[in-house]
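Participant: Have a look; sequence and predicted model below, questions after that.
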Amino acid sequence: MKRALNKHRLNQLQQDLELYQRFLPALDLKRQQLMARQKTLQEKAVEIEAALEKLIETLEQDFPWLQSQKVNLSDVLKIEKTGLEEKKVMGVTMLVKSETFPLVFSKFNEHLAQKIGSDNEDPIIKQYRPYWLATLYQALKPILILKLEDWVLAQNLIRLKKATKKATQKVNLFSKVMIPDTEKEIRQLKLFLGDQEKAAVIRAKLAKTKQQTKQTH
């Protein structure tokens with residue numbers, strides 16, 4: 001459909017341009033906020049991974065026999081309920097700690113002592129196994145909490161990256177396409193209307209001259 005080349009079209013373009021220019025700063029601000037939030041989460045993830053590494057090192061030092069005893073740590077302790085919920089943060093659906101449902105660990109299984117340990121039937125190992133099993137159960141809690149936090153950060157970073165990409169695309173659309181194209185069309189239309197006005201003035205002068213010439217004859 002051919003666009004009208006008149007003052008009404010020019011006014012519409014000028015209104016559109018004003019609207020785009022008003023929206024652009026808000027879009028860019030949101031993009032910057034998302035990028036800042038993303039950077040904060042990345043830094044937090046590095047901290048958590050370092051803390052997690054230290055806890056695992058401590059666990060290996062405190063329980064050096066875990067590998068030889070063939071202990072499956074997920075049998076000792078696991079998270080049954082994450083205590084997480086989704087919430088809008090800066091317009092992005094994020095995973096956050098639930099204000100209603102807490103984090104729930106599996107209960108300590110006293111009978112697990114009969115399932116783990118060395119392949120032999122050493123009664124001394126079985127006698128002491130319940131003691132370190134209960135201690136291990138407690139030692140695993142902060143590790144699982146950090147692992148959960150690390151997983152949550154990873155998921156939220158994925159969502160933030162997608163949101164940041166979309167925000168950047170919108171900023172680029174306005175700043176590199178819509179605003180320049182509208183400004184270009186306004187300039188072209190102003191030139192066209194200016195030429196039309198000049199041509200109308202010339203035609204009017206010619207008509208007047210022609211009329212005057214007829215009157216003199």
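Facilitator: It's in.
Participant: Look up how far Glu86 lies from Glu183.
Facilitator: Noted for Glu183: a distance of 41 Å to Glu86, by CB to CB, to the nearest Å. Just so you know, the C-beta spots here come from the backbone N, C-alpha and C atoms, and that holds for glycine as well.
Participant: More neighbours: which of these two?
Facilitator: Using other CB atoms under 10 Å as the criterion, Glu183 and Glu86 rank with Glu183 on top: 15 against 11.
Participant: so what's the more buried one up against?
Facilitator: Leu17 (CB atoms under 8 Å, 6 or more residues apart in numbering).
Participant: Now name the helix or strand holding it.
Facilitator: Assigned by DSSP states H and E, Glu183 belongs to helix 179-216.
Participant: what does Gln32 give?
Facilitator: Judged by DSSP H and E, Gln32 forms part of helix 7-62.
Participant: Burial check on Leu52, number of neighbours?
Facilitator: Leu52, neighbours per other CB under 10 Å, totals 17.
Participant: Just give me the neighbour total for the closest residue to it other than its chain neighbours.
Facilitator: Closest residue in space to Leu52, ignoring its immediate chain neighbours: Leu146 at 4.5 Å, by CB to CB, 6 or more residues apart in numbering. Neighbour count of Leu146, defined by other CB under 10 Å: 19.
Participant: Distance of Leu146 relative to Phe174?
Facilitator: 41 Å.
Participant: what does His8 give?
Facilitator: For His8 relative to Phe174 (CB to CB), the value is 24 Å.
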